[in-house]
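Q: Fold the stuff below for me.
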Amino acid sequence: MRERAGAHGCQLHTKETKRPKSRLGAYLANKVSNLSARLHPKVTEVFLDESYCNVNHTAGSSWVAKHSPRYVANGAGQRYCIVGAGSVFVKNGGLCAEWVPGSIKSWPSHLKGDGDYHGNFTGELFELWFEELCQLLQSRYGPCRIHMDGAAYHKVIEDPAPASSKTKAVMVKWLNEHGVTVGVNDYTKKQLEQLIAQPTNVRVFALLTRQNHQLPTVP
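A: Okay, here's the model as predicted:
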């Protein structure tokens with residue numbers, strides 16, 4: 001409640017309305033909640049990402065001795081995709097950071113003309129690596145908070161719901177398999193779509209849950 005002066009000097013009371021938190025604000029508040037008074041993480045924080053490197057990669061500019069030639073291989077060469085995870089944690093009262101042992105993996109890219117390395121990393125590849133990572137984290141640090149970006153292969157839907165273009169029979173079959181007993185003639189197609197509409201399960205969340213890890217939603 002805030003007071004302000006009215007036209008004749010009397011006090012008017014206006015009710016303040018709280019603005020809803022933005023996704024970024026909620027994410028930052030969640031991160032701050034994991035900090036101790038010394039600004040150390042209470043639960044180990046893990047950050048993962050993917051990148052790539054070509055075999056003949058060289059820096060665009062570099063220092064060389066005067067009048068010395070600089071040789072560069074012809075062509076970029078084979079591209080390799082790289083994935084890894086780094087952790088921030090407290091040990092013996094001190095703040096520590098390291099690459100998660102065994103988390104760094106690389107493999108040759110087969111999409112040579114693809115400028116976006118993400119095209120070489122599928123949901124299946126990510127899940128295989130992520131499942132192993134979750135086990136590594138649990139054995140080394142216990143439950144962790146894992147941070148990752150919103151790449152499409154990070155969010156493969158588990159048992160996805162049928163699209164609206166599917167027939168009523170397909171929709172009814174999916175609903176029955178998920179504990180909703182309906183018949184083909186019980187509802188219109190629009191009503192079936194409304195029954196199907198629900199929060200989707202992402203497979204990485206299932207992998208996290210098994211090892212008691214957390215996944216803050218990155219905006």
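Q: Okay, now the sheet partners of the biggest strand by length in the chain, with direction.
A: Using DSSP state E to define each element, the chain has its longest strand at strand 79-91. Its sheet considered, strand 79-91 pairs with strand 44-54 (antiparallel), strand 94-99 (antiparallel), strand 105-108 (antiparallel) by DSSP bridges.
Q: looking at those, which is closest to residue 172?
A: Nearest to residue 172, of all the strands paired with strand 79-91, is strand 44-54, at 39.4 Å by CB to CB. The way it works is simple: take the backbone N, C-alpha and C, and place the C-beta from them, glycine included.
Q: Sort out which residues of the closest one are buried, please.
A: By neighbour count on 16 or more other CB atoms under 10 Å, the buried set for strand 44-54 is 44-48, 50, 52-53.
Q: related to what we said a few turns ago, would you format the strands paired with strand 79-91 as a markdown table with mean pLDDT included?
A: Shown next, in a markdown table, are the strands paired with strand 79-91 (pLDDT from 0 to 100):
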| stretch | mean pLDDT |
| --- | --- |
| strand 44-54 | 89 |
| strand 94-99 | 96 |
| strand 105-108 | 85 |
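Q: Residue 77: which of those strands is closest?
A: Across the strands paired with strand 79-91, closest to residue 77 is strand 44-54 (CB to CB), at 5.1 Å.
Q: Only alpha carbons, please: show the closest one as CSV.
A: These are the backbone C-alpha positions of strand 44-54, laid out as CSV (Å, rounded to 0.1, in the frame of the first residue of the first chain):
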residue,chain,number,x,y,z
THR,A,44,26.9,-28.7,-7.2
GLU,A,45,26.2,-26.6,-10.3
VAL,A,46,26.9,-28.3,-13.6
PHE,A,47,27.1,-26.5,-17.0
LEU,A,48,27.1,-28.4,-20.3
ASP,A,49,27.5,-27.3,-23.9
GLU,A,50,28.5,-28.5,-27.4
SER,A,51,30.9,-27.1,-29.9
TYR,A,52,33.0,-28.2,-32.9
CYS,A,53,36.5,-27.9,-34.3
ASN,A,54,38.1,-28.7,-37.7
